[in-house]
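In: just need the structure, nothing else, for what follows:
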Amino acid sequence: VKYIVESLRWCDSVVLVYPTWWFNIPGILKGMFDRCFVPGVGFKYDPVAQARTTGLKNIKKVGVCTTYGFTEEEVVKAGDAGRMMISTGMTMLFAPDCQVDWKPLYGMQGTQPQEVRAKYLEEVTELFSKW
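Out: Predicted coordinates:
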């Protein structure tokens, strides 16, 4: 945890790569968030002003590469809790103009043809080459 917190304090970007499980992030990733984005790191609370301020204004970009077992339509219908948490809640801890680049790969429950996976990797490479 100490290494991650130290890294979060100097980095300008965070990239998350994970499988989406039941429309959310894996428990181990949520546990890392819970241990690292604590008061004094992810945010600071000013009791006089009774306001919370971000603790990680240095982070200006978040990139997410994730796979889903369901189709995009099914994920949207279910609410895509992981995407909502990262794109809205988590970014409140970062720079006010933090950019989120989301690169999903849907339909992994069955067998994805090699061409689909290869195209996805090309798109990920292109996306992050612009960072």
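
In: regarding the chain, what is its longest helix?
Out: Criterion DSSP state H: the longest helix present in the chain is helix 114-129.

In: what sits against Asp12?
Out: 58-61 (C-beta atoms under 8 Å, 6 or more residues apart in numbering). C-beta coordinates here come from the backbone N, C-alpha and C atoms, glycine included.

In: for it, give its distance to Ala49.
Out: Between Asp12 and Ala49 the computed distance is 27 Å (C-beta to C-beta, to the nearest Å).

In: and for Pro26?
Out: In terms of C-beta to C-beta, Pro26 sits 36 Å off from Ala49.

In: of those two, which one has the most company?
Out: Neighbours per residue, other C-beta atoms under 10 Å: of Pro26 and Ala49, the larger number sits with Pro26, 15 against 8.

In: check contacts around that one.
Out: Counting by C-beta under 8 Å, 6+ apart, Pro26 touches 18-19.

In: which one in this structure is furthest away from the centre?
Out: Val48 (31.6 Å; C-alpha atoms, centre = their mean).

In: could you say which helix or strand contains that one?
Out: Under the criterion DSSP states H and E, no helix or strand holds Val48.

In: what about the strands in the chain?
Out: 13-19, 43-46, 51-54, 61-67, 99-105 (DSSP state E).

In: winner for burial among those strands?
Out: Here the criterion is mean neighbour count by mean count of other C-beta atoms under 10 Å, and of the strands of the chain the winner is strand 61-67, at a mean of 19.

In: what lies in contact with that one?
Out: Residues from elsewhere that reach strand 61-67, judged by C-beta under 8 Å, 6+ apart: 12-20, 82-83, 86, 90-91, 94, 98-106, 108, 124, 127-128, 131.

In: rerun that using 6 Å as the cut-off
Out: 13-20, 99-105, 108, 124 (C-beta atoms under 6 Å, 6 or more residues apart in numbering).

In: shaky segments in this protein?
Out: For the chain, no stretch is flagged by pLDDT under 70.

In: at 90 instead, please
Out: 45-49, 51-53, 108-113 (pLDDT under 90).
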